[in-house]
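Student: sequence first, predicted model second:
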Amino acid sequence: MTETKENGRLCIYESAFDSRETVARIEQELNRRNIPIFAKFDHERNAEGVGLLLRPTQVLVFGSPEAGTRLMQKNQSVSIELPLRISVWEDEKGKVWLAFPRMSYIAGAYGLSIDPVIEKMQALLEDLAKSAA
């Protein structure tokens, strides 16, 4: 699978599965890797709660406190970008997409050099997208 949309800040991939299956596949892969999921936001359900309609849209928030702490030790303001997250949504044509931050963009925005932690985070996000989509 290859990245399907260009965006300097985000990596965006199309999924071959519906949104619920895509999210479930991400969760299964995180569990398999013993990576904690800190939160799951179901924006569609939240919209329904206030009488609004929204196509399926979920965000998973997860990560490794060890890896994130290493970045925050270099620049604590990067904490606003952590933990990691992946968004999954269905567009108006019924296609399902995954998006996650491009770690090189985040590193540059916070004056962090590309180091093994950044590279590992990027590799994890890409692996999750490939496994889920």
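Tutor: Structure received.
Student: and the end-to-end length of stretch 52-59?
Tutor: Taking C-alpha to C-alpha, to the nearest Å, stretch 52-59 runs 18 Å from one end to the other.
Student: buried ones in it, by neighbour count?
Tutor: 56-59 (16 or more other C-beta atoms under 10 Å). Yep, even glycine has a C-beta here, placed from its N, CA and C like the rest.
Student: save the residues you listed as a markdown table, and put in pLDDT and secondary structure too.
Tutor: Formatted as a markdown table, the buried residues of stretch 52-59 follow (pLDDT from 0 to 100; DSSP: H, G, I helix; E, B strand; the rest coil):
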| residue | pLDDT | secondary structure |
| --- | --- | --- |
| 56 | 98 | coil |
| 57 | 98 | strand |
| 58 | 98 | strand |
| 59 | 98 | strand |
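Student: make TSV out of these and add distance to residue 46.
Tutor: TSV is the format used below for those (distance: C-beta to C-beta, whole Å):
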residue	distance to residue 46
56	12
57	9
58	10
59	11
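Student: tell me which strands and helices the helix or strand encompassing residue 105 is in contact with?
Tutor: Under the assignment given by DSSP states H and E, the secondary-structure element containing residue 105 is helix 103-109. Of the remaining helices and strands, those touching helix 103-109 by 3 or more C-beta pairs under 8 Å, 6 or more residues apart in numbering; DSSP states H and E are helix 116-132.
Student: let me see the mean pLDDT of the helix it packs on.
Tutor: Mean pLDDT, computed over helix 116-132, is 94.
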